[in-house]
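> here is a sequence together with a model predicted from it:
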Amino acid sequence: MGLWLFGCAALAVAALVVVTFNELIASRNRVRAAWSDIDVALQRRHDLIPALVAAVQGYAAHEQAVLGTVATLRSRAMATQAVGERGAIEAELASGVQQLLALAERYPELKASANFLALQRELVDTEDRLQRARSDYNEAVRRYNTGIERFPERLLARPSGFRAFEFFQTDATATPRA
């Protein structure tokens, strides 16, 4: 009877370990998939920026400071891999893009340009997608990070190489880190 009870307990523990490990893997994969959505939205923004710079440059060539800043930030953002650093650069880039879009108010012919208006719509749509993707990613990270910190998951997560992901923060209202 004792051996049978021990066998059942060992089987239950093994099942718990397998289920917990699989849940951690699934959670990590959700974070990676959510990051992929952010990456796609950022790439779309990066692809639109040269066309926006060219459109503005045609009407506001003497706004070189803003145009150069946006081009430099785009290059830095595309070269950066660290989530935290990339969030800060992307926030600066978003601000620069907003400055470019605001130039339309000073240049009525730019504001009336069909090309500029189409680019503006595309960028607004891209920013909306990016915000949704960022929200989904940060929620997936929150769930994953909570999962690897909970007991008894923590006993399995740390030795198995599960590490916390960084949140993707692009503004001053960033979530504080402990």
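The structure has been received and is ready for your questions. Owing to the predicted nature of the structure, the values given are computational and were not obtained by experimental measurement.
> where in the protein is pLDDT low?
Across the chain, the ranges flagged by pLDDT under 70 are 171-178.
> so which residues of it form helices?
Along the chain, counting by DSSP state H, helices occupy 2-59, 64-79, 83-102, 108-111, 114-149, 153-157.
> can you redo those as JSON lines with mean neighbour count?
C-betas here are computed from N, CA, C, even on glycine. Output for the helices of the chain, formatted as JSON lines (neighbours: other C-beta atoms under 10 Å):
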{"stretch": "helix 2-59", "mean neighbour count": "14"}
{"stretch": "helix 64-79", "mean neighbour count": "16"}
{"stretch": "helix 83-102", "mean neighbour count": "18"}
{"stretch": "helix 108-111", "mean neighbour count": "14"}
{"stretch": "helix 114-149", "mean neighbour count": "16"}
{"stretch": "helix 153-157", "mean neighbour count": "16"}
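> nearest to residue 163, of the ones you listed?
For residue 163, the closest of those is helix 114-149, at 7.7 Å, according to C-beta to C-beta.
> hang on, the earlier thing: tabulate the helices of the chain (TSV), appending distance to residue 166.
Formatted as TSV, the helices of the chain follow (distance: least, C-beta to C-beta, whole Å):
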stretch	distance to residue 166
helix 2-59	10
helix 64-79	16
helix 83-102	4
helix 108-111	38
helix 114-149	7
helix 153-157	17
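> to residue 164, which of these lies closest?
When those are ranked by proximity to residue 164 (C-beta to C-beta), helix 114-149 comes first, at 4.8 Å.
> what angle separates the closest one from helix 2-59?
160 degrees (axes from the mean of the first three to the mean of the last three C-alpha atoms, to 10 degrees).
> distance from the chain centre to helix 114-149, please.
In terms of C-alpha atoms, centre = their mean, to the nearest Å, the centre of helix 114-149 is found 6 Å from the chain centre.
> tell me what it is packed against?
helix 2-59, helix 83-102, helix 153-157 (3 or more C-beta pairs under 8 Å, 6 or more residues apart in numbering; DSSP states H and E).
> what's the second one in contact with?
The contact list for helix 83-102 (C-beta atoms under 8 Å, 6 or more residues apart in numbering) reads 35, 42, 45, 49, 52-53, 56, 66-67, 69-70, 73-74, 76-77, 80, 120, 123, 127, 165-171, 174.
> can we see that at 7 Å?
Helix 83-102 has contacts (C-beta atoms under 7 Å, 6 or more residues apart in numbering) with 42, 49, 52, 56, 66, 69-70, 73-74, 76-77, 80, 120, 123, 166, 168-171.
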